[in-house]
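K.L.:
no sequence on hand, only this structure:
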């Protein structure tokens, strides 16, 4: 089992944006020191919910500040990108990091982002498929090639530089449904499930992924399955929630604001979440696996998902302006009592 971070860089006013970036960088450096395996950074636009709009630029910076931890995009929203520029920049990060890039990609779901770019959210699946087809062709072609799609055309190009990892860095596909997981399997790519996937649904996603892999002649490997979990680890569950509560609800509120079109009301997240936090983790069939808990509880949950077929868990913890001190205590506690439980270390 590999354990990593899922980094949000958010901007609760009136905090300094530079501080939020610096905190995320410091947390990643600490995570490498403690033995975490990976750090995945999420892309967002136009909102305080996420001010990391240039993920690969940040990973290029981290490539020079780190030596072991893998650096991932979690995820790049493909419909918002020119795939030729994306594949060039991704290969550059892989080169600068000496082959430590993990490329997480997805179709996106936030209405506000698509509206800001003047794009139709309804076209996201089709745009994603075309971009992904181009990326794989670019990295798997030995020489110049031509690509003609509905949205992009490229004539007689040979993408440079070439990535260190051959034929290309691991590609993780974000799946929002079992059908999406099935498509990732058919392409022979890795599967990434977000923190919004309820624990009870993980086997359903994995069943679709296995079916897709089998249909295209690929073998299942749990190391190619990732699950994100909202997490704050503390000495007691009450303390974990006391620290996390105000920051986590800010995170949920801004997520709802940017995800929902003006034609739809913003949901009241509080009344739906708080009751689920009162019982044992996993006791509610719709519980998406909030890990506001002690290390031993987190270990049991991670063991459970490992038996389902998940080989990589990433903690999504840096949200809503949570203090750097709280984040460092969370990371050090996880590094001391969770990572050794799963024999995580230098690979």
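P.N.:
Looks like it came in fine. Just so you know, these numbers come straight off a predicted model, no measurement behind them.
K.L.:
now for residue 293, how many residues are close by?
P.N.:
21 (other Cβ atoms under 10 Å). Any C-beta I mention is one placed from the backbone N, CA and C, and that applies to glycine too.
K.L.:
from residue 54, how far out is the residue nearest to it when sequence neighbours are not counted?
P.N.:
Once flanking residues are discounted, residue 293 sits nearest to residue 237: 5.0 Å by Cβ to Cβ, 6 or more residues apart in numbering. Plainly put, residue 237 is 37 Å away from residue 54 if you go by Cβ to Cβ, to the nearest Å.
K.L.:
who's more crowded, these two?
P.N.:
Set side by side, residue 237 and residue 54 give different neighbour counts by other Cβ under 10 Å, the larger being at residue 237 (18 against 11).
K.L.:
hang on, the more buried one packs against residue 298?
P.N.:
No. Taking contacts as Cβ atoms under 8 Å, residue 237 lies outside contact range of residue 298: 10.4 Å.
K.L.:
and stretch 228-243, how far out from the chain middle?
P.N.:
Using Cα atoms, centre = their mean, to the nearest Å, the mean C-alpha position of stretch 228-243 is found 20 Å from that of the whole chain.
K.L.:
okay, buried residues for it please.
P.N.:
Residues of stretch 228-243 classed as buried under the neighbour-count rule (16 or more other Cβ atoms under 10 Å) are 228-234, 237, 240-241, 243.
K.L.:
mind listing the strands for this protein?
P.N.:
Along the chain, the segments classed as strands by DSSP state E run 2-7, 38-41, 70-73, 76-77, 101-106, 145-148, 153-157, 171-175, 190-193, 225-233, 291-293, 312-316.
K.L.:
save the ones you listed as JSON lines, and put in distance to residue 331 too.
P.N.:
Supplementary listing: these in JSON lines, determined by distance: least, Cβ to Cβ, whole Å:
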{"stretch": "strand 2-7", "distance to residue 331": "8"}
{"stretch": "strand 38-41", "distance to residue 331": "11"}
{"stretch": "strand 70-73", "distance to residue 331": "16"}
{"stretch": "strand 76-77", "distance to residue 331": "25"}
{"stretch": "strand 101-106", "distance to residue 331": "20"}
{"stretch": "strand 145-148", "distance to residue 331": "42"}
{"stretch": "strand 153-157", "distance to residue 331": "42"}
{"stretch": "strand 171-175", "distance to residue 331": "22"}
{"stretch": "strand 190-193", "distance to residue 331": "21"}
{"stretch": "strand 225-233", "distance to residue 331": "8"}
{"stretch": "strand 291-293", "distance to residue 331": "13"}
{"stretch": "strand 312-316", "distance to residue 331": "9"}
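K.L.:
looking at the ones you listed, which one has the lowest mean pLDDT?
P.N.:
Per-stretch mean pLDDT for these is lowest at strand 291-293 (a mean of 91).
K.L.:
in its sheet, what does that strand sit against?
P.N.:
Partners of strand 291-293 in the sheet, by DSSP bridges, are strand 225-233 (parallel).
K.L.:
report the angle between the partner strand and strand 101-106.
P.N.:
Relative orientation of strand 225-233 and strand 101-106, computed by axes from the mean of the first three to the mean of the last three Cα atoms, to 10 degrees: 90 degrees.
K.L.:
for the remainder of this discussion, apply numbering that starts at 36.
P.N.:
New numbering, starting at 36: the last item is strand 260-268.
K.L.:
tell me where the longest helix sits in this protein.
P.N.:
When the chain is scanned for its longest helix (criterion: DSSP state H), the result is helix 272-294.
K.L.:
mind listing residues that contact it?
P.N.:
Contacts made with helix 272-294 from outside it, assessed by Cβ atoms under 8 Å, 6 or more residues apart in numbering, are listed as 43, 45, 47, 79, 81-84, 144-148, 265, 267-269, 301-302, 304-305, 308, 312, 327-329, 332, 354-357, 361.
K.L.:
where does the stretch 186-335 of the chain have low pLDDT?
P.N.:
Per-residue confidence for the stretch 186-335 of the chain (pLDDT under 70) gives these ranges: 295-324.
K.L.:
still on that earlier bit, tell me which of the buried residues of stretch 263-278 is nearest to residue 214?
P.N.:
The shortest approach to residue 214 among the buried residues of stretch 263-278 belongs to residue 263, at 19.5 Å (Cβ to Cβ).
K.L.:
contacts only, for that closest one.
P.N.:
41, 75, 109, 227-230, 348-351.
K.L.:
try 10 Å
P.N.:
39-41, 75, 77, 109, 209, 227-232, 324, 347-351 (Cβ atoms under 10 Å, 6 or more residues apart in numbering).
K.L.:
do the same with residue 88
P.N.:
Contacts were defined as Cβ under 10 Å, 6+ apart; by that measure residue 88 touches 44, 78-81, 115, 148.
K.L.:
from those, which two are the most distant?
P.N.:
Based on Cβ to Cβ, the longest span within the contacts of residue 88 runs between 44 and 115 and measures 17.0 Å.
K.L.:
sorry, back to before: redo the buried residues of stretch 263-278 as a markdown table? Include distance to residue 217.
P.N.:
Output for the buried residues of stretch 263-278, formatted as a markdown table (distance: Cβ to Cβ, whole Å):
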| residue | distance to residue 217 |
| --- | --- |
| 263 | 20 |
| 264 | 23 |
| 265 | 25 |
| 266 | 28 |
| 267 | 33 |
| 268 | 33 |
| 269 | 38 |
| 272 | 36 |
| 275 | 35 |
| 276 | 36 |
| 278 | 39 |
